[in-house]
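Asker: here are the coordinates; sequence isn't available:
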């Protein structure tokens, strides 16, 4: 069985602010678990959409019942694919772990869509959790369900912190854009 998680959120920011903040979200006070990010590919397709692929290294604490399978490993590699359509003001992201997939596979699908009437950006995140374990492992232990349920709860908790971090970056972006506009206006006025 695959566990499913879904969450909606509204950012009181323009699409441009949200996307710029998303691409620059690390580091922030809530992202100490992110050890590195590497951009693997960036291009603009024939429809004018921006594509970006990143490799992200994250660390975290594991529950004791998983440690026998991973040992002292506390890091994971994540692939992130992002597509930004500036015309429709929609950004789609896909994140998935590249390692430990027999233990747990986490696939995150996120859509950010600008609401032109309300001047906000809505986010819908859908996450699938699936473990490679069979239902019963060894002594009748239901490791599969425990891993999937733990992952779902952990993701839900982390999502709140992730949104807080993104909001901090968005406020910084908004302040910088405002300052840049003021500077540009004052230079134009002086000339």
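Answerer: Thanks, I have it. Bear in mind that the values here come from a model prediction, so they are computed numbers and not experimental data.

Asker: I'd guessed residue 147 sits against residue 105; true?
Answerer: No. The criterion here is CB atoms under 8 Å, and residue 147 misses it with residue 105 at 10.3 Å. Placement of C-beta: from N, CA and C, glycine included.

Asker: Looking at these two, which one has more neighbours?
Answerer: residue 147 (24 against 18; other CB atoms under 10 Å).

Asker: helix or strand for the more buried one, which one?
Answerer: helix 143-190 (DSSP states H and E).

Asker: How far off centre is that helix?
Answerer: Chain-centre distance of helix 143-190: 10 Å, with CA atoms, centre = their mean, to the nearest Å.

Asker: Flag every buried residue along stretch 155-164.
Answerer: 155, 159, 162-163 (16 or more other CB atoms under 10 Å).

Asker: between those residues, which is nearest residue 81?
Answerer: Using CB to CB, residue 162 is the member of the buried residues of stretch 155-164 that lies nearest residue 81, at 17.4 Å.

Asker: Need the nearest residue in space to that closest one, chain neighbours excluded.
Answerer: Nearest non-adjacent residue to residue 162, counting by CB to CB, 6 or more residues apart in numbering: residue 30, 6.6 Å away.
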